[in-house]
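1. got a sequence here, can you model it:
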Amino acid sequence: MIELLEFKKVFDKYNGVLRTSDFISEGYHHKYLKELLDKAIIRRIKRGYYEWQHEEIISDVVIITRLFPDAIVFLNSALYIYDKVHIIV
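-> Okay, the predicted model is just below:
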């Protein structure tokens, strides 16, 4: 397998959340995603989207903006995302 650091750089370029098409456009075959999944280095967020699992935790805001790039976050959701409102259940 290609050096792990090389894959880490690709994921870092996309803030830790990568689409399969991004991975392929960077010149890598999608089979490496399967290998990284099997070794628990990455995690599948949803079909075609992967999150780097080693070392740091990726914020929900980064994941949401990668999954829904055209989404508009309204006031209540924005306040919750930026930890300005606490929901008590």
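2. for the rest of this, base every contact and every neighbour count on C-alpha atoms.
-> Will do.
3. give me the contacts around the helix or strand hosting residue 21.
-> Element membership of residue 21 [criterion: DSSP states H and E] is helix 20-25. Taking contacts as C-alpha atoms under 8 Å, 6 or more residues apart in numbering, the residues outside helix 20-25 that touch it are 10, 29, 30, 48, 49, 50.
4. what residues are up against the nearest residue to residue 36 once chain neighbours are set aside?
-> Once flanking residues are discounted, residue 36 sits nearest to residue 42: 5.7 Å by C-alpha to C-alpha, 6 or more residues apart in numbering. Taking C-alpha under 8 Å, 6+ apart as the definition of contact, the neighbours of residue 42 are 33, 36, 50, 51, 52, 53, 54.
5. any chance of these in JSON lines, with pLDDT too?
-> Putting these into JSON lines (pLDDT from 0 to 100) gives the following:
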{"residue": "33", "pLDDT": "94"}
{"residue": "36", "pLDDT": "93"}
{"residue": "50", "pLDDT": "93"}
{"residue": "51", "pLDDT": "90"}
{"residue": "52", "pLDDT": "89"}
{"residue": "53", "pLDDT": "85"}
{"residue": "54", "pLDDT": "67"}
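6. mind listing what's buried in the strand or helix carrying residue 10?
-> Applying DSSP H and E as the criterion places residue 10 in helix 4-13. Within helix 4-13, the residues that qualify as buried by neighbour count (16 or more other C-alpha atoms under 10 Å) are 7, 10, 11.
7. surely the last one meets residue 19?
-> No - if you go by C-alpha atoms under 8 Å, residue 11 and residue 19 don't touch, sitting 9.5 Å apart.
8. one step back: how close does the residue nearest to residue 36 get to residue 79?
-> Here residue 42 is placed at a distance of 29 Å from residue 79 (C-alpha to C-alpha, to the nearest Å).
9. how about residue 35?
-> When distances are taken as C-alpha to C-alpha, residue 35 and residue 79 turn out to be 38 Å apart.
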